[in-house]
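Undergrad: Quick check, what structure comes out for this input:
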Amino acid sequence: MPGGRLTQQERQQIALGLADGLAYAEIARRLDRPTSTITREVMRNGGPTAYRADLAHRATERRAHRRKQAPSGGRETPARAHGRDDAAVREYEEVFTTLLTQQGLPRMVARVLTCLFIAEAGSLTASELVQHLQVSPASISKAITFLDDQGLIRRKRDERRRERYFVDGDVWYQSTIASARGIAQVAETARQGVGVLGRHSQAAARLENIARFSDFISESMLRAAEQVRDVLYVKPEPHPGDTATPGQGLGGAADAPPS
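TA: Numbers count the residues shown, from 1 in each chain. Sure, this is the predicted structure:
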């Protein structure tokens, strides 16, 4: 099975396969590549509907150039624990960032949120984000403000009076609850239109169906979130040779759902 980076010709074959509606596994089989290679390639370059072979090739060349130009000392990125492979982590970071942008997040916001998700402690400072992403403090500040407004992170001062940004189980739970309530508001607003447009009109029937659907989704989300909330706080099983206590979060203690 061939190794190394994908060639421009292979990327063109990927684009043709996507246009023909082929699954990643089939494209990988035709190129004699692992399916994971094709999946990462597509996801970090716009996804299946926006993938372009020429743009993907140039983006890969730019990333390779930046890695060669990156200084070997002076600036430190957040520590990688548990024997992680840095190259694999970088690839996964790009895949996750692309997924979040496809969900509607701005690119810089998605990059910051991904960094917080994959940070071992689930938290970073602004300076750590600046160093890791190699962007300006202003860019980080704007992204943090957006995430804070959406309830996707929380802030706390550490022992050195630095503000740290966290993603943890409770943040994810509260964000899910907020989403469910937002869908409930859609139902309420749609139902208001039924009276305005005339109860027996086609438009009113359409809005009433949207309201019923949204009610069901919102109630199901709220019920499911309460039922499985504890899943967000399950600590990983310790493994021999671990140097850190699994499940440590804010303040060095295991996170737990608020009472």
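Undergrad: Helices of the protein, start to end?
TA: 8-19, 24-31, 35-43, 53-69, 86-102, 107-118, 126-133, 137-149, 169-197, 202-227 (DSSP state H).
Undergrad: now those in a markdown table, with mean neighbour count?
TA: (Each C-beta comes from the backbone N, C-alpha and C, glycine too.) A markdown table is the format used below for these (neighbours: other CB atoms under 10 Å):
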| stretch | mean neighbour count |
| --- | --- |
| helix 8-19 | 18 |
| helix 24-31 | 18 |
| helix 35-43 | 20 |
| helix 53-69 | 13 |
| helix 86-102 | 16 |
| helix 107-118 | 20 |
| helix 126-133 | 18 |
| helix 137-149 | 16 |
| helix 169-197 | 16 |
| helix 202-227 | 15 |
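Undergrad: Looking at the ones you listed, which is nearest to E159?
TA: Among the helices of the chain, helix 126-133 comes nearest to E159, with 15.4 Å by CB to CB.
Undergrad: So which of the helices of the chain is nearest E237?
TA: helix 169-197 (17.2 Å).
Undergrad: now the angle between helix 202-227 and that closest one, please.
TA: 160 degrees (axes from the mean of the first three to the mean of the last three CA atoms, to 10 degrees).
Undergrad: I figured A56 hits R40, correct?
TA: No - the criterion here is CB atoms under 8 Å, and A56 misses it with R40 at 11.1 Å.
Undergrad: And the closest residue to I183 other than its chain neighbours, how far from V196?
TA: Nearest non-adjacent residue to I183, counting by CB to CB, 6 or more residues apart in numbering: S218, 4.2 Å away. Counting by CB to CB, to the nearest Å, the gap from S218 to V196 is 22 Å.
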